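Peer 1: Dropping a prediction and its sequence here:
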Amino acid sequence: MMKVFIGWSGPRSKAVAQALHDWLPDVIHILKPWMSSADLDKGRIWPTEISKELKESGFGIICLTPENLQQPWIYFEAGAISKSVEHTYVCPLLFDLDGLDQNNPLNLFQTTKAEKDDIKSLIKTMNNALGDAKLDDARLNKSFENNWKELEDKLDQIRKNSQQQPKS
């Protein structure tokens, strides 16, 4: 099992995080995604629980949108996950972003666009991080292809919903 921390900030980022949270174990069954809104029990002290999960996760996906690039919590989570550069992965996921400003500290990490080929590459990285427990390439490709449409549809719906939101 590999714990995957999914960080988010804001409604659209949360929707992307939830879609990944639900989808990842369908592609690689031994992944254990964690996101605060889905996995944090009511009544728990949330900073303590998030810190514990950040410490225990070897892989982090930070869901970035144009709206949350200035949110400090995103950078805190990325920094906490990267505490041990050798043994952890921080993967900023760009949703409706072409890239990050060159001065953005998350540029230290390889970014992933919320597109099929890039997400497939992210899945391959996650699989490789499993070491001896990883799926062989053929099985991983089959699992990804069998499940991609579900995630693609959710991401398209998030885009559609955000376009229908009135601009403030």
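Peer 2: Right, received. Where do you want to start?

Peer 1: use CA for all of it now, contacts and neighbours both
Peer 2: Fine.

Peer 1: Specify the beta-bridge partners of the one residue sitting closest to the centre of the chain.
Peer 2: Nearest to the geometric centre of the chain sits Ile61, at 2.9 Å (CA atoms, centre = their mean). On the basis of DSSP bridges, Ile61 is bridged to Ile6, Cys91.

Peer 1: Next up, the contacts around it.
Peer 2: 4-7, 90-93 (CA atoms under 8 Å, 6 or more residues apart in numbering).

Peer 1: Save those as a markdown table, and put in pLDDT and neighbour count too.
Peer 2: Compiled in a markdown table, the contacts of Ile61 are given as follows (pLDDT from 0 to 100; neighbours: other CA atoms under 10 Å):
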| residue | pLDDT | neighbour count |
| --- | --- | --- |
| Val4 | 95 | 24 |
| Phe5 | 94 | 28 |
| Ile6 | 96 | 27 |
| Gly7 | 94 | 27 |
| Val90 | 93 | 26 |
| Cys91 | 96 | 23 |
| Pro92 | 97 | 24 |
| Leu93 | 98 | 28 |
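
Peer 1: of those residues, closest to Ser143?
Peer 2: Closest approach between the contacts of Ile61 and Ser143, by CA to CA: Val4, at 18.3 Å.

Peer 1: how much space between the closest one and Asn68?
Peer 2: When distance is defined by CA to CA, to the nearest Å, Val4 is 20 Å away from Asn68.

Peer 1: And the helices in this protein?
Peer 2: For the chain, applying DSSP state H gives helices covering 11-27, 36-39, 46-56, 72-81, 116-129, 137-164.

Peer 1: nearest to Gly99, of those?
Peer 2: Nearest of the helices of the chain (CA to CA): helix 116-129, 12.9 Å.
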